[in-house]
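Visitor: model this:
(3 chains)
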Amino acid sequence: MALISTKKEATRGVWTEEEDHKLSQIIQIHGPNKWKSLAAKAGLKRCGKSCRLRWMNFLRPNIKRGNISDQEEDLILRLHKLLGNRWSLIAGRLPGRTDHEIKNYWNSHLSKKIKMKMKEKQVKSSSSVESQKAEVSIGMEMMVEKGRSEESSSKIDEYSKSNSIGDDFFDFSQEGPLNLELMSKFLDLDQTWFDFL
DNA sequence: AAAGAGTCCAACCGCGACCAG
DNA sequence: CCTGGTCGCGGTTGGACTCTT
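Guide: Next up is the predicted model:
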């Protein structure tokens, strides 16, 4: 069976039901690894990468899709503040959610919400004589926030290295169903991280 | 009703890490 | 060590759908 080696040969675009079915079946037999050969075995004209993506984000069992609750949203916001754009780590805290979905949710919903909040702040402060100063401070705040995310990310790496903590420190995916309330409380209590950061 | 603008999300791309030979 | 293959991640794109004018 010939492997699909060139991008030109590979099918692209939206997956069909038939393709999904073929992929699921072949994964049931061989397991979710060696994606390139799985694609060939399933008779799919897709690259291995595409198959992996499809499985990980849509076909895998126990995946929750859509309807992100307020609790989950709150958790995403807090974790993003702590971890930055490390979507896979954030997803690891939310059982059944994929990094892909969280990233999309962030880009389409949450980033907008944050902008709106910023604007509200701006409107409130613009009524004061200090409006111009406020504008500058909001700009600064946004920069600090951005920097904090990036900085915290690198500090986490640094901390992890010096304390022999891998990314799996944040990965609870192997554990049972996670209590979102507990997680939320944990974040409230976890002042040590902020002390460190 | 139609056209343009805006939104959402699935899929793709590029890069770095890891590993076997 | 070096190299090629594979995997995983985050960023970006493109197209379908919805909303607005």
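
Visitor: what about chain A, any weak spots by pLDDT?
Guide: Low-confidence regions of chain A, defined by pLDDT under 70, span residues A:1-9, A:118-120, A:122-197.

Visitor: Could you rerun that using 80?
Guide: Per-residue confidence of chain A (counting by pLDDT under 80) places the weak regions at A:1-12, A:111-197.

Visitor: how about the residues of it that lie near DNA strand B?
Guide: If contacts are counted using C-beta under 7 Å from any atom of the strand, the residues of chain A sitting beside DNA strand B are A:7, A:11-15, A:46, A:49-50, A:53-54, A:57-58, A:65-66, A:100-101, A:104-105, A:107-109, A:112. Every residue, glycine included, has its C-beta placed from N, CA and C.

Visitor: Got a quick ChimeraX command for the buried subset of those?
Guide: The following ChimeraX command selects only the buried members of the residues of chain A next to DNA strand B, with burial defined by 16 or more other C-beta atoms under 10 Å:
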select /A:15,46,50,53,54,101,105
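
Visitor: out of the residues of chain A next to DNA strand B, which touch DNA strand C?
Guide: Restricting the residues of chain A next to DNA strand B to those touching DNA strand C (C-beta under 7 Å from any atom of the strand) yields A:49, A:100, A:104, A:107.

Visitor: Excluding chain neighbours, give the residue nearest to the residue in chain A that DNA strand B sits nearest to in space.
Guide: For chain A and DNA strand B, the shortest gap (C-beta to the nearest atom of the strand) falls at residue A:12, measuring 3.1 Å. Residue nearest to residue A:12 in three dimensions, not counting chain neighbours: residue A:50, with 7.7 Å by C-beta to C-beta, 6 or more residues apart in numbering.

Visitor: Spell out, range by range, the helices that occur in chain A.
Guide: Counting by DSSP state H, the segments of chain A that form helices are A:17-30, A:35-41, A:48-54, A:70-83, A:87-93, A:99-105, A:111-126, A:131-162, A:180-189, A:191-196.

Visitor: same for the second one, what does it pack against?
Guide: Applying 3 or more C-beta pairs under 8 Å, 6 or more residues apart in numbering; DSSP states H and E, one finds that helix A:35-41 makes contact with helix A:17-30, helix A:48-54.

Visitor: if you compare those, which one is most tucked away?
Guide: Taking mean count of other C-beta atoms under 10 Å as the contact definition, the stretch among these with the greatest mean neighbour count is helix A:48-54, which reaches a mean of 18.
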